[in-house]
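Peer 1: here is my input; please provide its structure:
(chains A, B, C and D)
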2 protein chains.
Amino acid sequence: MDARDLATFEAVARLGGMGRAARELNTVQSNVTQRVRRLEAALGVALFERSRAGARLTPAGERLMPYATRVDALLDEASRAARDDGAPRGTLTIGSLETTAALRLSPLLASYAHAHSGVDLVLRTGTTAELIERVLNRELEGAFVCGPVVHPQLAAVPSFEEELALLSAPNYSSVAAALQRPDLRLVILRAGCSYRQRLEEVLARRGIVGLRRLEFGTLEAILGAVAADLGVTLLPRTLIGPAWRGARVRAHQLKPSEARVQTVFVRRRDMLPSSALLAFQSHVTKQQRR
Amino acid sequence: MDARDLATFEAVARLGGMGRAARELNTVQSNVTQRVRRLEAALGVALFERSRAGARLTPAGERLMPYATRVDALLDEASRAARDDGAPRGTLTIGSLETTAALRLSPLLASYAHAHSGVDLVLRTGTTAELIERVLNRELEGAFVCGPVVHPQLAAVPSFEEELALLSAPNYSSVAAALQRPDLRLVILRAGCSYRQRLEEVLARRGIVGLRRLEFGTLEAILGAVAADLGVTLLPRTLIGPAWRGARVRAHQLKPSEARVQTVFVRRRDMLPSSALLAFQSHVTKQQRR
DNA sequence: TGCGAACATCGCAAAAAGCGATTTAATTTG
DNA sequence: CAAATTAAATCGCTTTTTGCGATGTTCGCA
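Peer 2: As a prediction, this is how the structure comes out:
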C-alpha cells in the first residue's frame, strides 16, 4: 500500500469528492480517481460510494480513515526524527495568547533567538480555543493558553501564573464604584478570548450580567478605551506598564480566587518535540526560576 | 517520503548491507542503492556509513529506524482494518504448545472451523520461547504458551489450567519409587520445552539433579519411552488417554503448587486483533465455561 | 429530455523504476 | 605489493508507472 495513495484517499474523504481533492493536491481529477481505485484494488474493498454529489466513505473507508491520518503523521515525524540531531534548527512554530505574548514572551523569544540562531521562530496569537485547535491540527508545535487544559491528546505544562486585575478609568476608587455605571461595557480583546469569560464570571458574581461588549484587536486599543471610560476590562496586572498605570487607567485588585490565572504550554502528546521546542521549553523553565 | 523506500531502508539496516537487502526484497543492488540515496536526499541526512563490509547506520539512521518498522506495521494494520468488516475471514495464524494442541485445541479448532468456514486456520507448534518470539515478530497473531508471561508488548489472557503429573512406567507405586532408579532419565518433548524446566525443578526439590535427557518429537514417542521405563516425564494429567493410562504408564500426583500450570494466550498489544482472532477468543471463552 | 455535476476511461507524453554491466573503493590474501 | 574479493556507486537502456487533458458515462433534476 502506497503512502501517497493513502494521503490521496484521506483528502478525498475529508473533502468529500475527488475533484476537490485533486484541487487540494495540485493534480487532476483523473489522477485522484486512479489512485483511489488502485488503493481499492489493493485492499479488495470499496472505500467510497460514488454519487453525483461526490464520494462518501463506505464502512471500509471509515475503518481505513484513522490509519490514513496516522500514517501521514508518522511519516512526518519520522522525517523530523531523522533530521533532528539534537541541535535546535529549522522552524519552530508556536502559538500564544496575545496577553502572554506581550507580557512574557518578548524577553524569552529574544534570548531564545539569540541562543539558537539556527532556528526560525514563528509566533501566532489567538484565543485559547483557536490555539488548541491548531495544536491538535499540528499547525503549531505547541501554544501558551489559558489553563487548566485537560484533553487526552494534549500534554500541558504550567508555565506562568498571572494575577488579573479589573481595569477601569482612574476616577473609580474601587471595584464596586467602577461597576456602578449603568452603561458599563466589557472591553475585550476579541470574541472567544479566555479572559472574557473570566470577566463575565467576576461581574456575574456581583450581580451584573448581560453587558454590552466592545471588542478591539490590540491591547493598546483596549487600554485606550478603558482610559476613556468606555468600560472595564480584565487583564494581567503586570501588563499595565508605567505609561498607563495610575494616571490613565486604574487596576483594581481582586481576591486571589478570581484573579489567579495559569498559563500553560500545551502540545500534542503523540508528537515528538523537536529539539528546537525542547530548547524553548528549557528556556521557559529557566525564566521561571528567576 | 515513500513508504517503500522506508521499507528498503529498514531491510538494509537490518541485514547490514544493500546487496543482502536486495536479495531479500527480490530486486537488484543498484535499485536498493537508488532508493536509499533518494531517501537520504529527501531527508537531507546520511542514513548509512558505507564501507566494504556493508552499510552501518549513522545516528540519523538510528533515529529513523524505529519509524521504519512502525510505518510498516501501521500500513499492514491499515490494510487489515479496511478489509476486515467484522465477519471472520482470511487466514488466522496462531501458535500453541504441542501439549495444549493435543489436549485442548482439537475440539476448539474443529468447532471454530465449522462455525467460520471462511477462515483458513494455520496452527504452528513450538516452545513457549519460540512462540513468543514469533508473536513479537508478527508471524503469529497469537499463541498459547506456558504462563505466566509478563512482557510490555504482549497481552496475555489465561485460557486453560492444567494439572501436571509425573509419568513413569506402571511398576512404580509412588513418585519416590519412580525416582529411585540410578539411571533415571528425563524424557522431554524437545529442547526448551516449558515443562522440562518444571520437571527439573520438581526433581531438584527431591535432590535429583543432572539427569540425562531423552528428547522426542512427538507425544506418542514420549509416552512409549516412559512405558518402556526409559525414564520419567511431566505432562498434563488429562493428556493421558485410556489407551495409556494405568496399564502402560502410571501418572503420579504432585502437590498443587508443583502440578498447576497455566496456559495463557498471548498477542501483541499494539496489533489490532482480526475478527477471525476475536471470534477464536470467544470460542475459547465459551469452551472454558463448559 | 437535455443539463450539470460528478466520477470513469482512454491515449499519449513524460518521468521514474528496475535491471544488468561496469566502475570505484577498500580490504584481505597470496 | 599486486591480485582477488567484496560491496557500493554509476551508467545506459528498457519497461513500467504517472500525470495530464480530453472524452465518456452516469444520475439526479429542471
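Peer 1: pLDDT weak spots in the stretch 51-200 of chain A?
Peer 2: Within the stretch 51-200 of chain A, the stretches with pLDDT under 70 are A:191-192.
Peer 1: tell me which parts of it are close to DNA strand C?
Peer 2: Neighbours of DNA strand C within the stretch 51-200 of chain A, by Cβ under 7 Å from any atom of the strand: A:52-55. (Each C-beta comes from the backbone N, C-alpha and C, glycine too.)
Peer 1: who wins for neighbours among the residues you listed?
Peer 2: Among those, residue A:55 has the most neighbours (other Cβ atoms under 10 Å in any protein chain shown), with 24 neighbours.
Peer 1: now do the contacts for that one.
Peer 2: Applying Cβ atoms under 8 Å, 6 or more residues apart in numbering or on different chains, we find residue A:55 in contact with A:12-13, A:16-18, A:36, A:48-49.
Peer 1: and those residues, which of them are buried?
Peer 2: A:12-13, A:17-18, A:36, A:48 (16 or more other Cβ atoms under 10 Å in any protein chain shown).
Peer 1: nearest to residue A:85, of those?
Peer 2: Relative to residue A:85, the closest of these is residue A:13; by Cβ to Cβ it sits at 35.9 Å.
Peer 1: element containing the closest one?
Peer 2: helix A:3-15 (DSSP states H and E).
Peer 1: neighbours of residue A:273, just the number please.
Peer 2: Other residues close to residue A:273 by other Cβ under 10 Å number 18.
Peer 1: and the closest residue to it other than its chain neighbours, how many residues sit next to it?
Peer 2: Once flanking residues are discounted, residue A:273 sits nearest to residue A:267: 6.6 Å by Cβ to Cβ, 6 or more residues apart in numbering or on different chains. The tally of other residues near residue A:267 (other Cβ under 10 Å) stands at 21.
Peer 1: what's the helix or strand residue A:187 falls within in contact with?
Peer 2: Assigned by DSSP H and E, residue A:187 belongs to strand A:185-188. With contact meaning Cβ under 8 Å, 6+ apart, strand A:185-188 is reached by A:195-196, A:199-200, A:203, A:211-216, A:222, A:225-226, A:230-233.
Peer 1: for the helix or strand following that strand, list the C-alpha coordinates in PDB.
Peer 2: With elements assigned by DSSP H and E, the helix or strand that comes after strand A:185-188 is helix A:194-204. The C-alpha trace of helix A:194-204 is given here as PDB (Å, rounded to 0.1, in the frame of the first residue of the first chain):
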ATOM      1  CA  SER A 194     -10.200  33.400  27.600                       C
ATOM      2  CA  TYR A 195     -10.200  36.400  29.900                       C
ATOM      3  CA  ARG A 196     -13.700  37.500  28.700                       C
ATOM      4  CA  GLN A 197     -15.300  34.500  30.300                       C
ATOM      5  CA  ARG A 198     -13.500  35.200  33.500                       C
ATOM      6  CA  LEU A 199     -14.500  38.800  33.400                       C
ATOM      7  CA  GLU A 200     -18.100  37.800  33.000                       C
ATOM      8  CA  GLU A 201     -17.900  35.400  35.900                       C
ATOM      9  CA  VAL A 202     -16.400  38.100  38.100                       C
ATOM     10  CA  LEU A 203     -19.200  40.500  37.200                       C
ATOM     11  CA  ALA A 204     -21.900  37.900  37.500                       C
END
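Peer 1: quick check: neighbours of the helix or strand just after helix A:194-204 in the sheet, parallel or antiparallel?
Peer 2: Remark: after helix A:194-204, the chain's next helix or strand is strand A:212-215, criterion DSSP H and E. According to DSSP bridges, strand A:212-215 has the following sheet partners: strand A:185-188 (parallel).
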